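Engineer: Curious how this folds, go ahead:
(one chain, ligands or ions: 2)
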Amino acid sequence: METLAKEKSEFRNYEQGDITAAVKEHYRKMRSRQTYDYVQRMKAKYLTFDKPMSLWDAMGKLNALIDVSDPDLNLPNVQHLLQSAEGMRKEGRPDWMQLVGLIHDLGKVMYLWGSDEDGTSQAEQWGLVGDIFVVGCRLPDSCVYPSFNELNPDMQNEAYNTETGIYEEGCGLDNLQLAWGHDEYLYQVLKNHKENSIPEEGMVMVRYHSFYPWHTGGSYEKLLSAKDEQYKEWIKDFNQYDLYTKSPKLYDLEEMKEYYLPIAEKYLGKGPIYW
Ligand SMILES: [Fe+2]
Ligand SMILES: [Fe+2]
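Structural biologist: Ligands and ions are numbered 1, 2, ... in the order given. Next comes the predicted model:
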């Protein structure tokens, strides 16, 4: 990677600095409110694919959103997307991967039609951003602020509070219900988009990049399938750009369009995306 303003060990530090209180409060709400039933309700409510918006308009909307769960970046989210994509471009990664870097957090546009009650608004982001976990089984200690796990009402429900919960052993990642947020939202939006030809690796990067208790924490072993080992390699490769490209450097979205729009059109076509 390029020379960094910060050492790698300085990223994802949840116990230092003045933004910690807001980050911690975000995770307290997320852990106590993201239940199995909540996730089902959000899927029914937000996966309607009836709101057309171009990719570039969606990028522009993230100029107005700062991710409250991120202890490493206090810039509009679109800057994080440009930094991730540029990190990949500098290292000559494939064009589809640069595109995934550019759009991986675009699901956060959900805030445009979100609400405080759902945690999907600018003010309340606990249903939008942050590390995700499996609903329908026990919360692992690898979650950030694990002491909040017991606040989740599902942990009082014996159908949901065992190691495998409602799932079959070895069922694999694709069969799990994850906490609701921008990863699953964008994944489903792209999956529904007929002209999408982003390779499987890229779609996995979109869907599971926030699943830290699995890809970094090593939890949920009993639920994984052989296929998930491959998924993890892809995610680890992606994650270095998602995390370590964060810096105060600012890009101009309009200037970047010249390079990235043709790549976006190659894999997603020219028409609008239905959100
Ligand atoms: Fe993300
Ligand atoms: Fe990201």
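Engineer: Now the phi/psi pair for Val134, please.
Structural biologist: phi -80, psi 140 (degrees, to the nearest 10).
Engineer: contacting residues around it?
Structural biologist: Gly165, Tyr167, Leu176, Gln177, Leu178, Ala179, Tyr220, Leu223 (CB atoms under 8 Å, 6 or more residues apart in numbering). All C-beta spots, glycine's among them, are computed from the backbone N, C-alpha and C.
Engineer: Write the PyMOL selection for whichever of those are buried.
Structural biologist: A single PyMOL command selects the buried members of these (16 or more other CB atoms under 10 Å):
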select buried, resi 165+167+176+177+178+179+220+223
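Engineer: So which of the contacts of Val134 belong to strands?
Structural biologist: Among those, the residues falling in strands (DSSP state E) are Gln177, Leu178.
Engineer: nearest to Ile198, of the contacts of Val134?
Structural biologist: Checking these against Ile198 by CB to CB gives Leu178 as the nearest, at 19.6 Å.
Engineer: Which residue comes closest to the closest one once chain neighbours are left out?
Structural biologist: Residue nearest to Leu178 in three dimensions, not counting chain neighbours: Ile132, with 4.9 Å by CB to CB, 6 or more residues apart in numbering.
Engineer: For that neighbour, which residues are in contact?
Structural biologist: Leu178, Ala179, Gly181, Asp183, Glu184, Ser210, Phe211, Tyr212.
Engineer: Kindly report the residues of the stretch 101-250 of the chain close to ligand 2.
Structural biologist: Residues of the stretch 101-250 of the chain found near ligand 2 (CB under 5 Å from the ion) are Asp105, Asp242.
Engineer: Go again with 6 Å.
Structural biologist: The stretch 101-250 of the chain comes close to ligand 2 at residues His104, Asp105, Asp242, as judged by CB under 6 Å from the ion.
Engineer: and the longest helix seen in the chain, what's its mean pLDDT?
Structural biologist: Ranked by residue count and defined by DSSP state H, the top helix of the chain is helix 227-244. Helix 227-244 shows a mean pLDDT of 96.
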